[in-house]
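1. I'll drop the sequence and a predicted model, then ask my questions.
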Amino acid sequence: MAPSFDDNNSLFNFVVRDGNGVKGMIDMGLSEVPEAFKQPPKERIDKENATQHRQPPIDLSKLDGPDHDQVVKELVAAAENLGFFQVVNHGVPVELLESLKETAHNFFHLPPERKAFYRPGASPTPLVKCSTSFNPDKEKALEWKDYISMQYTNDAEALEHWPIECRDVALEFLRTSITMVRKLLEVLMGNLGMKPDDPKIDALIDKKMVNMNYYPTCPNPDLTVGVGRHSDMGTLTVLLQDGIGGLYVKLEEDTDMGKKGDWIEIPPNDGALVINVGDMLQVLSNGRYKSAEHRVRTTSTKSRVSIPIFTIPKITEMIAPLPQLVEKDGIAHYREFVLADYMKNFFANAHDGKKSLDFAKFTTSA
Ligand SMILES: O=C(O)CCC(=O)C(=O)O
Ligand SMILES: [Fe+2]
């Protein structure tokens, strides 16, 4: 029986619990966004007044040539200022990027039962989860997004457990991207005083996850968000976005300096990858590198896909600002914590901008 989309409970069960997702709901025919997806006015995205990020992509091949120092400067400046940048000549084959986007579309066009096979609580493996929105049980308004998340432990387990429909391209994307992430971290951590062969750099990207996000077309894009305001919790994120656009990053707010914290769009750039700093890198760098707040809009005309790779330290790792930075700065801006505790807090709450970082702050006693 078709679910009644007027009844919030049966809608929630159909979309979230039964694993039909937003795509399943749209495929039932829908001319208006259900209440459960309507964002409060302050969370809606003003597309008309958004400006675009004009910085050209950084050419990573130049890291190996005479312009090395200049490229290092650009990477460090991007991580310190916006926390988001784009890269080209990154070592991930451009044809692979095309197959990834196609694979993501194909995956979300599979019959609903195939995706529901991996729904939370039913998936045959803890490595794979296919779901919708970020934290449906905690959100005031659901996000207009379905996704699959594939955790990486090793090649053999990925080959055994990741869905056959997207396993090979996702693994190849991970393999080629990680080489680039390692290089980026050598630059960024090198700037903080770490040696390129320091095993601590590998420990920062011990845990890896490939996601595929699918944002179906939306009858009222002005009322919804694809992803709400958040920062990524890990070290660095590599993001492949398609040509649709709609990824917005918040400029840092500084009321003393008269900076308003406007949102700018990261424009799609053929062949480029988007890189962003996560919460862990902000903590380790004692606040030098910025884990930027970002969000995604929906559109009424075309569905959008994006494919992020999240890199995260080992979950047993103690995370704290690097001692040499604390000494230099005369203050630690964050406390020490175990990553597993940070993650638990991050995934237990709805997206709420950079609130996740409060977990790492010292609590001030009255
Ligand atoms: O779809 C995008 O462009 C960004 C997605 C995102 O921010 C995330 O998955 O954390
Ligand atoms: Fe994100």
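-> Structure received. All values reported here derive from a predicted model rather than from experimental measurement. Ligands and ions are numbered 1, 2, ... in the order given.
2. Find the closest residue to ligand 1 in the stretch 1-150 of the chain.
-> Of all residues in the stretch 1-150 of the chain, the one sitting closest to ligand 1 is Tyr147 (7.2 Å; C-beta to the nearest ligand atom). Any C-beta I mention is one placed from the backbone N, CA and C, and that applies to glycine too.
3. any idea how far the helix or strand hosting that residue is from the chain center?
-> Following DSSP states H and E, one finds Tyr147 within strand 146-152. Chain-centre distance of strand 146-152: 11 Å, with C-alpha atoms, centre = their mean, to the nearest Å.
4. Could you point out the helix or strand that follows that strand?
-> Counting by DSSP H and E, what follows strand 146-152 is helix 155-161.
5. Following that next one in sequence, what is the next regular element?
-> Next element after helix 155-161 (DSSP H and E): helix 167-190.
6. Mind exporting the C-alpha coordinates of that following helix to CSV?
-> Output in CSV follows, covering the C-alpha atoms of helix 167-190 (Å, rounded to 0.1, in the frame of the first residue of the first chain):
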residue,chain,number,x,y,z
ARG,A,167,32.9,-1.7,-4.8
ASP,A,168,35.6,-1.6,-7.5
VAL,A,169,35.4,2.1,-8.4
ALA,A,170,35.0,3.1,-4.8
LEU,A,171,38.1,1.1,-3.8
GLU,A,172,40.1,2.6,-6.7
PHE,A,173,39.0,6.1,-5.7
LEU,A,174,40.2,5.4,-2.1
ARG,A,175,43.5,3.9,-3.2
THR,A,176,44.4,6.8,-5.5
SER,A,177,43.1,9.5,-3.2
ILE,A,178,44.9,8.2,-0.1
THR,A,179,48.3,8.8,-1.8
MET,A,180,47.2,12.4,-2.4
VAL,A,181,45.9,12.8,1.1
ARG,A,182,49.3,11.5,2.5
LYS,A,183,51.1,14.2,0.4
LEU,A,184,48.7,16.9,1.5
LEU,A,185,49.2,16.0,5.2
GLU,A,186,53.0,15.9,4.7
VAL,A,187,52.7,19.5,3.6
LEU,A,188,50.2,20.6,6.3
MET,A,189,51.7,18.7,9.2
GLY,A,190,55.2,19.6,7.9
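7. and that helix with strand 146-152, angle?
-> Interaxial angle of helix 167-190 relative to strand 146-152 (axes from the mean of the first three to the mean of the last three C-alpha atoms, to 10 degrees): 70 degrees.
8. What's the mean pLDDT across helix 167-190?
-> The predicted model assigns helix 167-190 a mean pLDDT of 98.
9. which parts of that helix are buried?
-> Buried residues in helix 167-190, counted by 16 or more other C-beta atoms under 10 Å: 167, 169-171, 173-174, 177-178, 180-189.
10. May I have whatever helix or strand comes next after it exported as CSV, CA atoms only?
-> Where DSSP H and E defines the elements, the next helix or strand beyond helix 167-190 is helix 199-203. Taking C-alpha atoms only, helix 199-203 is exported to CSV below (Å, rounded to 0.1, in the frame of the first residue of the first chain):
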residue,chain,number,x,y,z
PRO,A,199,54.4,7.6,11.6
LYS,A,200,52.0,10.0,13.3
ILE,A,201,50.9,11.2,9.9
ASP,A,202,49.7,7.7,8.9
ALA,A,203,47.9,7.4,12.3
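11. Helix 199-203: what's the following helix or strand?
-> Following helix 199-203 in sequence, per DSSP H and E, is strand 207-215.
12. which SSE is the residue of the stretch 201-350 of the chain found nearest ligand 1 in?
-> Residue of the stretch 201-350 of the chain nearest ligand 1, by C-beta to the nearest ligand atom: Ser306 (3.2 Å). Ser306 is part of strand 304-312, with elements assigned from DSSP H and E.
13. May I have that strand exported as CSV, CA atoms only?
-> Extracted in CSV, the C-alpha atoms of strand 304-312 (Å, rounded to 0.1, in the frame of the first residue of the first chain):
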residue,chain,number,x,y,z
ARG,A,304,23.0,15.6,-7.7
VAL,A,305,25.6,13.1,-6.6
SER,A,306,28.8,13.6,-4.5
ILE,A,307,31.4,11.1,-3.4
PRO,A,308,33.4,12.0,-0.2
ILE,A,309,36.2,10.1,1.3
PHE,A,310,36.5,10.7,5.0
THR,A,311,39.9,10.1,6.7
ILE,A,312,39.9,9.7,10.5
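14. switch to numbering from 577
-> Yep, numbering from 577; the last one is strand 880-888 now.
15. How far away from the center of its chain is it?
-> Taking C-alpha atoms, centre = their mean, one finds strand 880-888 lying 5 Å from the centre of the chain it belongs to.
16. Give me the average confidence score over it.
-> The pLDDT scores in strand 880-888 average 98.
17. Would you check how far apart the residue of the stretch 577-726 of the chain closest to ligand 1 and Gly597 are?
-> In this structure, Tyr723 and Gly597 are 9 Å apart, going by C-beta to C-beta, to the nearest Å.
18. Mutual contacts of those two, please.
-> 706-708, 790 (C-beta atoms under 8 Å, 6 or more residues apart in numbering).
19. Which of these are buried, as a ChimeraX select command?
-> The ChimeraX selection below is limited to those of the shared contacts of Tyr723 and Gly597 classed as buried (16+ other C-beta under 10 Å):
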select :706,707,708,790
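20. quick one: which of the shared contacts of Tyr723 and Gly597 is nearest to Val668?
-> Val668 lies nearest to Tyr790 out of the shared contacts of Tyr723 and Gly597, by C-beta to C-beta, at 20.7 Å.
21. how far away is the closest one from Phe935?
-> Relative to Phe935, Tyr790 is positioned 29 Å away (C-beta to C-beta).
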